[in-house]
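*Asks:* this one's structure only:
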């Protein structure tokens, strides 16, 4: 029994640092959101970089300040970015995830997503949001790291029969 306790303490210490580190990152991101002139989004395409696909780890890919980018050629050059977006395309069984800046304002509130289905096995989910770093995914899609770590901790304690 004592040997199990000796093994768990270092594990608890490491898990504590992970939880604290994840909260620190969230606090930093919230500070960035206070600046209304900046809109920072994750930008990637899973066709070219598999790390963009779901499940998405935001710490493995960079982000972009949308205000520093030129708008697409088909839009007016004076238009400002309005949102971050995430698009999931499923075409004939192949899935592609695209994250980036959006320039046309969206009338939906928060992170509401729109799902569309077409012919020939085409499914598209479009999510838009207006806060920095918000195009990670749809709310409720992924458990927070704290919940994941807590579940892992319960499993380890049960496995080692610690009371």
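*Replies:* Structure's in. What do you need? Here the structure is a predicted model, which is why all the values come from computation and not from measurement.
*Asks:* please count neighbours and contacts with C-alpha atoms only from this point.
*Replies:* Noted.
*Asks:* what are the bridge partners for residue 40, then?
*Replies:* When assigned by DSSP bridges, residue 40 has beta-bridge partners residue 65.
*Asks:* surely it touches residue 64?
*Replies:* Yes. Counting by C-alpha atoms under 8 Å, residue 40 does reach residue 64; the two are 5.5 Å apart.
*Asks:* more crowded one of the two?
*Replies:* For residue 40 against residue 64, the residue with the higher neighbour count under other C-alpha atoms under 10 Å is residue 40, and the figures read 26 against 17.
*Asks:* do a quick rundown of the helices in the chain.
*Replies:* 2-33, 145-160 (DSSP state H).
*Asks:* could you identify which of those helices has the lowest mean pLDDT?
*Replies:* The stretch with the lowest mean pLDDT among those is helix 145-160, at a mean of 47.
*Asks:* quick check: closest non-adjacent residue to residue 62.
*Replies:* If the residues on either side of it in the chain are set aside, residue 62 comes closest to residue 42, at 6.5 Å by C-alpha to C-alpha, 6 or more residues apart in numbering.
*Asks:* from residue 54, how far out is that neighbour?
*Replies:* Separation of residue 42 from residue 54 (C-alpha to C-alpha, to the nearest Å): 13 Å.
*Asks:* can you list the neighbours in contact with stretch 124-138?
*Replies:* In this structure, residues lying in contact with stretch 124-138 by C-alpha atoms under 8 Å, 6 or more residues apart in numbering are 29, 32-33, 38-42, 56, 58, 63, 82-90, 99-100, 106, 109-117.
*Asks:* any stretches of the chain with poor pLDDT?
*Replies:* Counting by pLDDT under 70, the chain shows low-confidence ranges at 1-37, 108-111, 138-163.
*Asks:* again, 50 this time
*Replies:* Regions of the chain meeting the criterion pLDDT under 50 cover residues 1, 13, 15-17, 22-31, 33-36, 139-156.
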